[in-house]
Each structure stands twice: as structure tokens, then as C-alpha cells.
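S.K.: fold the following and give me the result.
(one chain, ligands or ions: 1)
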Amino acid sequence: MPFGFGRPGHKRAARSGREEVGALGVAVVTGAGRGIGRSVARRLAADGYRIVAVDVDGHAASATAAEIGGEARTCDVAVRDAVQQLADDVAAAVGDVEVLVNNAGIWRFTSLAGTLEEDAARVLDVNLLGTLWCCQAFAPTMSEHHGGSIVNLSSGAATARTPGYGLYPSSKAGVEALTGQLALELGHHFGPRPVSGRPLRRQLCVTLVVVVQVVRRPSAEQADERER
Ligand SMILES: NC(=O)c1ccc[n+]([C@@H]2O[C@H](COP(=O)([O-])OP(=O)(O)OC[C@H]3O[C@@H](n4cnc5c(N)ncnc54)[C@H](O)[C@@H]3O)[C@@H](O)[C@H]2O)c1
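M.R.: Predicted structure coming up:
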């Protein structure tokens, strides 16, 4: 499976996408109403995940979900309480989340000098804090129940210097720093340090995708078994 998602040792889906929908568990994709998020949702569905398509645009989320046979949820990832409600709702109504793709992102094309306060706040709220709120809401349950993967979408703009990108590169550099810090925290609390960051798909070659794998620490019995 090209994404390398899922818990270690978990059954891998065939590339042909003939895996039964949902066989690999639940994948939450934010910003799934269009663009990269919709493509990721389609691909994960074809690989065998049950998709929760999340978008601030509820109609767009529903369209994606209808196309791939998944669930749709309307949520603004910049609103922490709304994200926690989303996580609670998904846990109760859909099931344990195996994969979280923090894809929702926005940009405002302007110079730094011309960046308005409201635009600066929104870019950071959606791209950086939205990623944080989703990680906070979903990671604890993933760790407690089964492990899984969190995929945070960065951008080549995080390191390339491009005129007119305003605060967007700073928000994505923040996402990369957040992902490394998260891996450290989850590694410390939940198992061996499980971090990798690499571009994962040709289609996403302009996008640096940063992955944290949330690995459940084996129980004492499991550890004994492995040693035998
Ligand atoms: N398109 C590119 O060339 C490119 C390059 C590098 C990185 N990226 C990153 O990839 C991700 C997706 O980019 P894209 O081009 O598909 O974007 P897009 O604008 O086509 O789609 C983004 C989706 O996110 C949704 N969204 C926006 N704000 C949201 C919020 N607050 N809560 C929930 N959903 C929200 C939108 O409604 C939309 O459906 C972004 O994080 C972006 O920064 C894109």
C-alpha cells in the first residue's frame, strides 16, 4: 500500500482497490470536499478504509462521501470545541480511527507587509492550530485503542521562498515543527519513537507530507510472546 498507513502488521490492501470498504478501519480526512483531500479520501477508500470526509463546506464533504460510500461531517478545524465534538461523534457513530489526514488548509496571496490581521489569524488558525486541534482530539484514542497514523500536510513553501505567499509558508513550517514535536510526545508516551517524514506520492510531489505513526506500546504479555 503506497501510503504505508495503518498499524504495524495490519493487513495491507491490494493496490487494485478490491479490499472491502472499511476492512482497514476508519480514516478521517479533513478538507476532503475537494482538491488533494478529496483525492486522498478516494484513494484511501479504494484501499479499504471507511472514510469520514470532513470539510467546513458540508455540501462538498457530502459529495465526496456519496461518491466513495463514506461518512460526511461538517466541521471547521480551526474551532477546537467543534473538532473535539467531531472526534467524539466519529468514535460513537463510526468507530475507532486508524488514520487521520490533516489536509484542510488555506492561503492568502499577499505580501507579509500587506497581510491583514484577520487573514493572518485565519491562516494560522486553520493550517497550524487546526492541525493541532485534530491531533489533540484524535491521537489519544488512537493510542489507547489500536495505534494508527497521523498525516499532516505541509508544503514545499515551508522552506522555499516564494514572493506573494505571505504567512502561508510560516504556517506550514509550523506544521512540520508541530509534527516532529507530536512524534516526540507520542513516542515518549506510547511506544518507540515512531516518526517518518517523506513525500509519499507522485501526485503529492509538491506537498511535503509529514507522518506520525501512533504505535501502541505492546502489553507485557505481547512483549513476552515476541521474545519466545
Ligand atoms: N495545491 C497545492 O499545490 C498544494 C501544495 C502544497 C501543499 N498543499 C496543501 O495541501 C492541502 C490541500 O490543498 P488543496 O490544494 O487541495 O486545497 P483546496 O483549497 O483545493 O481544498 C481545501 C479544502 O479544505 C477545506 N477547508 C478549508 N478550510 C477548512 C477548515 N477551516 N475546516 C475544514 N475544512 C476546510 C475547503 O473547503 C476545501 O474543500 C492544504 O493543506 C495545502 O496547504 C497544497
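S.K.: please make it C-alpha for all contacts and neighbour counts, starting now.
M.R.: Noted.
S.K.: can you give me the helices in this structure?
M.R.: Here the chain has its helices, by DSSP state H, at 35-47, 58-68, 80-93, 117-123, 130-145, 168-190, 220-227.
S.K.: how about those, which one is nearest the ligand?
M.R.: helix 35-47 (3.5 Å; C-alpha to the nearest ligand atom).
S.K.: got the residues of this protein near the ligand?
M.R.: 30-37, 55-57, 75-78, 103-106, 126, 153-156, 206-207 (C-alpha under 6 Å from any ligand atom).
S.K.: which of those residues are buried? Put it as a PyMOL command.
M.R.: Buried members of the residues of the chain next to the ligand, identified by 16 or more other C-alpha atoms under 10 Å, are gathered into one PyMOL selection as follows:
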select buried, resi 30+31+32+33+34+36+37+55+56+57+75+76+77+78+103+104+105+126+153+154+155+156+207
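S.K.: got the contact list for residue 90?
M.R.: Contact analysis of residue 90 by C-alpha atoms under 8 Å, 6 or more residues apart in numbering lists 52, 96.
S.K.: which regions of this protein lie under the pLDDT threshold?
M.R.: Low-confidence segments of the chain (pLDDT under 70): 1-21, 146, 187-228.
S.K.: so for it, the centremost residue is which one?
M.R.: Nearest to the mean C-alpha position of the chain, by C-alpha atoms, centre = their mean, lies residue 101 at 1.7 Å.
S.K.: my read: that residue touches residue 151, true?
M.R.: Yes. With contact defined as C-alpha atoms under 8 Å, residue 101 counts as touching residue 151 (4.6 Å).
S.K.: ok, back up a step: so which of the helices of the chain is nearest residue 160?
M.R.: Nearest of the helices of the chain to residue 160, taken as C-alpha to C-alpha: helix 168-190 at 8.0 Å.
S.K.: buried sites along the closest one?
M.R.: 168-176, 178-180, 182-184, 186-187, 190.
S.K.: hey, C-alpha coordinates of that helix in PDB?
M.R.: Extracted C-alpha coordinates of helix 168-190, given in PDB (Å, rounded to 0.1, in the frame of the first residue of the first chain):
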ATOM      1  CA  TYR A 168       1.400  30.600   4.400                       C
ATOM      2  CA  PRO A 169       5.000  29.300   4.400                       C
ATOM      3  CA  SER A 170       5.200  30.100   8.100                       C
ATOM      4  CA  SER A 171       2.100  28.200   8.900                       C
ATOM      5  CA  LYS A 172       3.400  25.100   7.100                       C
ATOM      6  CA  ALA A 173       6.800  25.400   8.700                       C
ATOM      7  CA  GLY A 174       4.800  25.400  11.900                       C
ATOM      8  CA  VAL A 175       3.000  22.200  10.900                       C
ATOM      9  CA  GLU A 176       6.400  20.500  10.300                       C
ATOM     10  CA  ALA A 177       7.700  21.600  13.700                       C
ATOM     11  CA  LEU A 178       4.400  20.500  15.300                       C
ATOM     12  CA  THR A 179       4.600  17.100  13.700                       C
ATOM     13  CA  GLY A 180       8.100  16.500  15.000                       C
ATOM     14  CA  GLN A 181       7.100  17.600  18.500                       C
ATOM     15  CA  LEU A 182       4.000  15.400  18.400                       C
ATOM     16  CA  ALA A 183       6.100  12.400  17.300                       C
ATOM     17  CA  LEU A 184       8.300  13.000  20.300                       C
ATOM     18  CA  GLU A 185       5.400  13.200  22.700                       C
ATOM     19  CA  LEU A 186       3.600  10.200  21.300                       C
ATOM     20  CA  GLY A 187       6.800   8.200  21.100                       C
ATOM     21  CA  HIS A 188       7.600   9.100  24.700                       C
ATOM     22  CA  HIS A 189       4.100   8.200  25.900                       C
ATOM     23  CA  PHE A 190       3.000   5.400  23.600                       C
END
